[in-house]
Structure formats: C-alpha cells, structure tokens
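Visitor: got a sequence here, can you build the structure:
(one chain, ligands or ions: 2)
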Amino acid sequence: MSTVAAPAPTFPLADYKPLDNETLASRIQAVREQMGSELLILGHHYQQDEVIALSDLRGDSYQLSQMAAESSDCRYIAFCGVHFMAETADILANRPEKVAERGSRVTVVLPDMAAGCSMADMAAIDQVEAAWADLGEVIGTDDVTPVTYINSAASLKAFCGRHGGIVCTSSNAAAVLEWAFRRTSRVLFFPDQHLGRNTALKMGITNEQMPVWDPYNSDLGGNSEESLQQSKVILWKGHCSVHQMFRPEHVHGLRERIPDIKILVHPECPQEVNDLADVSGSTGTIIRTVEAAPPGTKWAIGTELHLVNRLKQEHPEQEIHFLSPVICMCATMYRIDLAHLCWSLENLAAGTPVNVIEVDEETARWSLAALERMLKVK
Ligand code: 13P
Ligand code: SF4
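Guide: Ligands and ions are numbered 1, 2, ... in the order given. Reported below is the predicted structural model:
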C-alpha cells in the first residue's frame, strides 16, 4: 500500500455516515467551488452515479492516466476509483519535470482506502520475481518482455520498468503486445489471464502457445519445461471476479430471446464469452460503441453494473440489457460513496488530508519508465 503518515483528520468519518446524499452533494460542491482549479476529481466509469455527477472528468483507466499525466494547474486529485488507479495518478502527476514546472507535488487522495482491486491483488511482487527467476533458469529472460495490466500494484509496474517491460490497459493491450513482440519473441503477461489471452488470440497466437502460470504451484507455475519453451505469451493465473461471472449461456439465452441483439463485452471476460461477442473493448470503447449506434439498436452488455445502468439511462433510444441474470458489480469501486468523498475533500480543504496515496521514489521512478513506454505506444 502506497500511503503516507498524515496528521490526524480535522473531521472524523463517523460524522459523515448519517448525512443524506443531498446534504453531502451540496457540501462537496461547496469544497469544489472553494478549491477551484486546484482540485481535480477524477471518476472511473464504474463509479456510482452520484459520484460521477460530482467528478470533473470521467474515463476508463487509460483516459484517467492521461488526465493525471496532463494535469497542470491542479494541486490535489481526489481519485474516485480503486487503489492502483490512485497510485498511477500519483506517479504520472508527480513526474519530476511536472513537479519542477509547478513547484510542488500534487496530493492524491483515495476517498476509501478499502477500494482495492481483487485482480490486482492476484499478483504480488515476490511471486512475480520468483516466476521471473524460474523462467530465467528454464527459458532465459533475455527474450521475454514483462507486460503488466494497469490493474496492478506500483511495485509490479516498477518490475516492468526495470526489465524493459511496459504497462497496458484494456484499450491499448493489442498495441502494447505488438510493441513487446518487436522487442522480444515472448511475453510474460500479468495479472489478468483473460485480457492477455483475448488480446493475443486476436493476433493469431494460439492457446497452446499461452501456458498459464499459477503462482501457487512451485513447480514452474504448473507447466512443463517444454510448454514454456514453446510459449509466446505466458499468462498469469489472475482474473476479475466481476467479469468472470459472465457466461456463454447468458449470451446464448439472450440471443434466443432477442435474435438481433448485439453482445458488447469487456476483454476481462473469459475467452468463451469474448469469442461470442460482437464487440469487445474497454469501458471507454463500450461507451463510444453505444453512443455511435443508431437508435433502436439492442445491446446486451457484459461489464460492471453501474456503467451498464448509466448507459441505459443516458441512451433511452437504445434497448440495453445487462448480459448476466445476476448482479455483477465491483464491490470495491462501490466503496467510494458521497460520505467518503465529502470526508476526504473537507479534510483536504482543512489542510489535514486523509488517505493520501504516495508511491515511494524508487518505485515511482521505475513504474514511470513502464508507464511512459505505454503512453508513447499508438
Ligand atoms: P477500463 O480500463 O476498461 O476502464 O477497465 C478498468 C477495470 O478495472 C475493468 O474492470
Ligand atoms: Fe478490479 Fe474487476 Fe473491480 Fe475492475 S471490476 S477494479 S478488475 S475487481
């Protein structure tokens, strides 16, 4: 966890819990007006509607990284998303040249420290280092590029930075893999096996060339030496617990009921679902696809529930269904509510910031190397 010791908060969280959303929203608005352009509230598309309504900018992981990288007059970022996103914002907004230009660091706060990402937690730095050492013995690592999905701790991004690797998001994974294959003939991809597999399959790489590395299997991650020698992409055994709930039978069921329905999914969904979809892409791509479709288009969307419900409200001219019959929502994204946002903003305005996310200098330096490589990939 990248946090810093902070002074005791001026206002305790317990005072905010009983307040209704209307009161919280007007107090948040008051802090926004008081702090003006010094404060930037960033909201990921999976956030609750009331949080999105109070965000200055919303986006997918890639867009939010760009926004943090480009921020110039803000001094504070309140990140309404999950921990790895706030870490990334801290690294990008506090690049040495940016700090020199503005004369101070940007303070990044995550309104609730419990807003993590279970997928990011599926790859720990010691596990990745152990895998790298094992691979070094079996196939050598000179010809392997480590690629981490942005949904990962800063320590993993730094690992990639140190080893000539790169970060990707769901919107640029194909371009990043192409970049990696110009550098080496193999890739170690973590932590999301589904994004790695779905992207590489579209590039003509077969499942036989993509062994899965299980960090809990001390015997070469559960692989034979031969399968590693034949590999093109070594996939980490990680997944998103939200997207893994979308199943092929949901696609078949909807296509039976509504024959002209189009299936739109996030590439964190398993291959069996991704293969059946009409379109697969990041949250930003999902939104743009719906926006560009003619009125009357029927969609079944396989991604986090809050985004799908918002699309339904914003596009009444289209018929939008949730792909799964059961609720698939990101419980950690959901932790950011108006009470936490108001608490963190009022403490920020009072000069006693809470939940400050600050990546240590060495980790930030190497993470930045991997993030900058990504930002240059077109
Ligand atoms: P996007 O990069 O598409 O915004 O996705 C982030 C995420 O966490 C999806 O689960
Ligand atoms: Fe992580 Fe999945 Fe939540 Fe995205 S939806 S933040 S990958 S747990």
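Visitor: every contact and neighbour count from this point should use C-alpha atoms.
Guide: Noted.
Visitor: residue 239 is in what secondary structure piece?
Guide: Residue 239 is part of no helix or strand when elements are defined by DSSP states H and E.
Visitor: quick check: closest non-adjacent residue to the most centrally placed residue in the chain.
Guide: Taking Cα atoms, centre = their mean as the criterion, residue 151 is the residue nearest the geometric centre of the chain, at 4.4 Å. Nearest residue to residue 151, sequence neighbours excluded (Cα to Cα, 6 or more residues apart in numbering): residue 120, at 5.2 Å.
Visitor: spell out which parts of the protein neighbour ligand 2.
Guide: Contact residues (Cα under 6 Å from any ligand atom) of the chain with ligand 2: 117, 118, 119, 240, 241, 242, 330.
Visitor: and those residues, which is closest to residue 100?
Guide: The shortest approach to residue 100 among those belongs to residue 117, at 32.0 Å (Cα to Cα).
Visitor: for the stretch 101-250 of the chain, which segments count as helices?
Guide: Along the stretch 101-250 of the chain, the stretches classed as helices by DSSP state H, counting those that start in this stretch are 125-138, 154-162, 173-183, 193-202, 225-229, 248-257.
Visitor: deepest of those helices, which one?
Guide: helix 154-162 (a mean of 25; mean count of other Cα atoms under 10 Å).
Visitor: quick one: buried residues of whichever strand or helix holds residue 288?
Guide: Here residue 288 sits within helix 283-292, counting by DSSP H and E. Applying a neighbour-count criterion of 16 or more other Cα atoms under 10 Å, the buried positions in helix 283-292 are 283, 284, 285, 286, 287, 290.
Visitor: contacts only, for the nearest residue to residue 88 once chain neighbours are set aside.
Guide: Nearest non-adjacent residue to residue 88, counting by Cα to Cα, 6+ apart: residue 65, 6.7 Å away. Residue 65 makes contacts with 85, 88, 89, 92, as judged by Cα atoms under 8 Å, 6 or more residues apart in numbering.
Visitor: could you give the mean pLDDT of whichever helix or strand the first one is part of?
Guide: This means residue 85. Assigned by DSSP H and E, residue 85 belongs to helix 83-93. Per-residue pLDDT over helix 83-93 has a mean of 97.
Visitor: got the residues of the chain near ligand 1?
Guide: So far as Cα under 6 Å from any ligand atom goes, the chain lies against ligand 1 at 60, 61, 62, 169, 170, 282, 283.
Visitor: try it again with 8 Å
Guide: Residues of the chain found near ligand 1 (Cα under 8 Å from any ligand atom) are 44-46, 59-62, 117, 150-151, 169-171, 240, 242-243, 266, 268, 281-285, 303-304, 330.
Visitor: mind giving me the ChimeraX select for those residues, buried ones only?
Guide: Listed next is the ChimeraX selection for buried residues among these, using 16+ other Cα under 10 Å:
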select :44,45,46,59,60,61,62,117,150,151,169,170,171,240,242,243,266,268,281,282,283,284,285,303,304,330
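Visitor: okay, the residue nearest to the centre of the chain and residue 88: tell me how far apart.
Guide: 10 Å (Cα to Cα, to the nearest Å).
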